[in-house]
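In: Prediction below, plus the sequence it came from.
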Amino acid sequence: MKSWTWIILFSLSLTANETFDTYLKSCTKSNAKACFDAAKYISSYGHTFVKQNSNTIAAQSAQLYKKSCNLGLAKACTAYGMIFYADPLADATKNDLYFFKKGCNGGDQVGCTLYKMGNN
């Protein structure tokens with residue numbers, strides 16, 4: 001690989017770390033969108049900059065989705081519900097529908113669709 005390619009990859013890595021840190025700082029100030037973005041970032045790129053195993057990364061992502069949901073971001077409620085829906089060990093019958101409904105009540109159409117599908 002050419003040296004300029006490594007420079008680009010290194011720059012992208014720094015940008016990812018800085019972006020994630022910015023999201024986390026805003027999340028600690030009760031910014032629902034920042035918590036949601038941090039959760040998405042950790043889900044997608046956590047393995048590249050968080051030195052932890054995938055279960056820990058998934059747990060951190062879930063906590064951030066839940067916090068964002070509790071702060072009122074409807075799509076975060078739906079995303080948090082999807083964690084229960086996708087986990088075969090979770091008691092999905094309680095949790096996924098609750099969070100899909102919460103997302104739907106907040107205006108997230110995906111949450112509405114998933115809630116309706118789960119109630120049939």
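Out: That came through fine. Numbering: from 1, shown residues only.
In: Beyond the helix or strand encompassing Glu18, next helix or strand please.
Out: Using DSSP states H and E, Glu18 falls within helix 3-28. Counting by DSSP H and E, the next helix or strand C-terminal to helix 3-28 is helix 32-49.
In: What residues of that next one count as buried?
Out: 32, 34-43, 45-46 (16 or more other CB atoms under 10 Å). For glycine as for every other residue, the C-beta is placed from the backbone atoms N, C-alpha and C.
In: Where is pLDDT lowest across these?
Out: Ranked by pLDDT, the buried residues of helix 32-49 bottom out at Gly46 (67).
In: can you list the weak-confidence ranges in this structure?
Out: Counting by pLDDT under 70, the chain shows low-confidence ranges at 1-17, 46-55, 88-94.
In: Quickly list the domain ranges of the chain.
Out: Taking automatic domain parsing as the criterion, the chain consists of the domains 1-72, 73-120.
In: which of those domains sits most buried?
Out: Mean neighbours per residue, mean count of other CB atoms under 10 Å, is largest over those for domain 73-120, with a mean of 18.
In: For it, measure first residue to last.
Out: Across its full length, domain 73-120 reaches 26 Å between end residues, using CA to CA, to the nearest Å.
In: on that earlier part again, now tabulate the buried residues of helix 32-49 in JSON lines and tack on distance to Ala58.
Out: Converted to JSON lines, these look like this (distance: CB to CB, whole Å):
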{"residue": "Ala32", "distance to Ala58": "20"}
{"residue": "Ala34", "distance to Ala58": "19"}
{"residue": "Cys35", "distance to Ala58": "16"}
{"residue": "Phe36", "distance to Ala58": "16"}
{"residue": "Asp37", "distance to Ala58": "17"}
{"residue": "Ala38", "distance to Ala58": "14"}
{"residue": "Ala39", "distance to Ala58": "10"}
{"residue": "Lys40", "distance to Ala58": "13"}
{"residue": "Tyr41", "distance to Ala58": "13"}
{"residue": "Ile42", "distance to Ala58": "9"}
{"residue": "Ser43", "distance to Ala58": "8"}
{"residue": "Tyr45", "distance to Ala58": "13"}
{"residue": "Gly46", "distance to Ala58": "9"}
